[in-house]
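Engineer: Take a look and give me a structure for this.
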Amino acid sequence: MAIDTDRIDDYVLALLLLGRHDGQRVWKSFDWDAMDRLHKKGFISDPVGRAKSVVLTDEGLAEAERLFRDLFAKNP
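Structural biologist: Alright, predicted model coming up:
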């Protein structure tokens, strides 16, 4: 089965908002490959390291909020 990694990345980026704390910091509790792709796309800081969280870039935060609304908001 072929996997659409861009679509996976969209969902992971949106779900990172659920673990948001201290401004733009989010817990890095998702698949390492997806986190690496999000870093390469410029949405998060480098996930490699001892820290248990990463920082959303300004672009990453805006895109995460847009995706979260588009993917998970209930329609009135």
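Engineer: For the longest helix belonging to the chain, name the packing helices and strands.
Structural biologist: Longest helix in the chain, counting residues (DSSP state H): helix 58-72. On a contact count with 3 or more Cβ pairs under 8 Å, 6 or more residues apart in numbering; DSSP states H and E, helix 58-72 meets helix 5-15. Placement of C-beta: from N, CA and C, glycine included.
Engineer: ok, now which ones touch the residue positioned nearest the centre of the chain?
Structural biologist: Central residue check for the chain by Cα atoms, centre = their mean: the C-alpha nearest the mean position is that of residue 13, 2.2 Å away. If you count contacts by Cβ atoms under 8 Å, 6 or more residues apart in numbering, residue 13 has them with 38, 43, 60, 63, 64, 67.
Engineer: how far away is it from residue 5?
Structural biologist: Distance, residue 13 to residue 5, using Cβ to Cβ, to the nearest Å: 12 Å.
Engineer: And residue 41, by the same measure?
Structural biologist: From residue 41 across to residue 5, the span is 11 Å (Cβ to Cβ).
Engineer: Looking at those two, which is more packed in?
Structural biologist: residue 41 (15 against 12; other Cβ atoms under 10 Å).
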